[in-house]
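K.L.:
can't give you the sequence, but here's the structure:
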Ligand code: MTE
């Protein structure tokens, strides 16, 4: 019998089966697992470890902070405008993934676990009005309206690779602004060491949140220096226009050297905190997901290799690069850490 791709539970969620069973009545558990998100090309059988992939020695040059600060903010075209991008490749020469693929193959469990259905299920999700409360250990806590963020911060294009922990990847021309610009504005206190992010909790609009197999809302975290790094952005758009709901509209995090699950969508709350935040996946499956989640081909997921990945739109697999190819910019953040332990 041919099994539909939408009936395959993604490998990385299968781990939470014990959680499923704990949190959901046995009957519905079966249904949930059966309706798990499509992983037609997810992590296949473990592939042999390749010789250590080397980081790119072509550093990407992030836009200078000054030029960003002095640029004139431009209105971003609506999500249904024609897709545009400033370049057709990333700094490694990798082709941009198509707009179609980026917007129709998604992980957003608040809506559904079926990657190919997210766009449809989320299409009427209201992303206006929308506010983001930035607080915690800061001198100037403030709730920002999304329109204010769009006006205030020039929206820059950043072409980044996105590497999902499930071992597929894309190249995405994001629009957004450095998270550091927002954090500087609220003036972190000296005790602030981490940043905690929270997705909107709206079970009436987000059907997946009515299932209790994880503790909603989705939470993620970064160390403060990771959050202040110039590569880290809050994305508001892609392909030159505003984000669609399935990609995390109106505001999502992008930290391109980390597995995609760190890039939390639909953010409504950002807190500066003293202690390391516990992310949704750390709480759900601590034996499989750590805080850092830096892309690392040398450290296999407990159930599959991370040495290679499938670039969406390509047939053969390619080697995964340490830190997703951004080692030159970020490896220094982890000096003194054993990334096999601190995964
Ligand atoms: N954020 C929230 N709130 N909910 C999610 O389910 N999925 C994560 C991440 N952010 C997720 C999320 C995962 S696993 C990945 S790989 C990326 O979003 C996918 O982003 P994309 O759908 O825009 O490609």
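P.N.:
That came in fine, so what should we check first? On a predicted model such as this, the values are computed, not experimentally measured, just so you know.
K.L.:
How about the contacts made by the closest residue to residue 179 other than its chain neighbours?
P.N.:
Among residues not flanking residue 179 along the chain, residue 232 sits closest, at 4.8 Å (C-beta to C-beta, 6 or more residues apart in numbering). Yep, even glycine has a C-beta here, placed from its N, CA and C like the rest. Neighbouring residues of residue 232 by C-beta atoms under 8 Å, 6 or more residues apart in numbering: 178-180, 222, 226, 253-255.
K.L.:
Kindly list the single helix or strand of this structure that scores lowest on mean pLDDT.
P.N.:
For the chain, counting by mean pLDDT, DSSP states H and E, helix 26-34 ranks last in confidence among helices and strands (a mean of 30).
K.L.:
Grab the longest strand from the protein for me.
P.N.:
strand 168-178 (DSSP state E).
K.L.:
tell me the mean pLDDT over it?
P.N.:
For strand 168-178, mean pLDDT is 98.
K.L.:
now that strand: how far from the chain's centre is it?
P.N.:
Using C-alpha atoms, centre = their mean, to the nearest Å, the distance from the centre of strand 168-178 to the centre of the chain it belongs to is 9 Å.
K.L.:
That one - contacts with which helices or strands?
P.N.:
With contacts defined as 3 or more C-beta pairs under 8 Å, 6 or more residues apart in numbering; DSSP states H and E, strand 168-178 has these neighbours: helix 65-70, helix 99-104, strand 156-163, strand 233-238, strand 308-311.
K.L.:
just to revisit the earlier point, could you single out the nearest of the contacts of residue 232 to residue 201?
P.N.:
Residue 201 lies nearest to residue 253 out of those, by C-beta to C-beta, at 17.0 Å.
K.L.:
Pretty sure that closest one sits in a strand.
P.N.:
Yes. Under the criterion used here (DSSP: H, G, I helix; E, B strand; the rest coil), residue 253 sits inside a strand.
K.L.:
residue of the stretch 151-300 of the chain with the smallest distance to the ligand?
P.N.:
Closest residue of the stretch 151-300 of the chain to the ligand, C-beta to the nearest ligand atom: residue 260 (2.7 Å).
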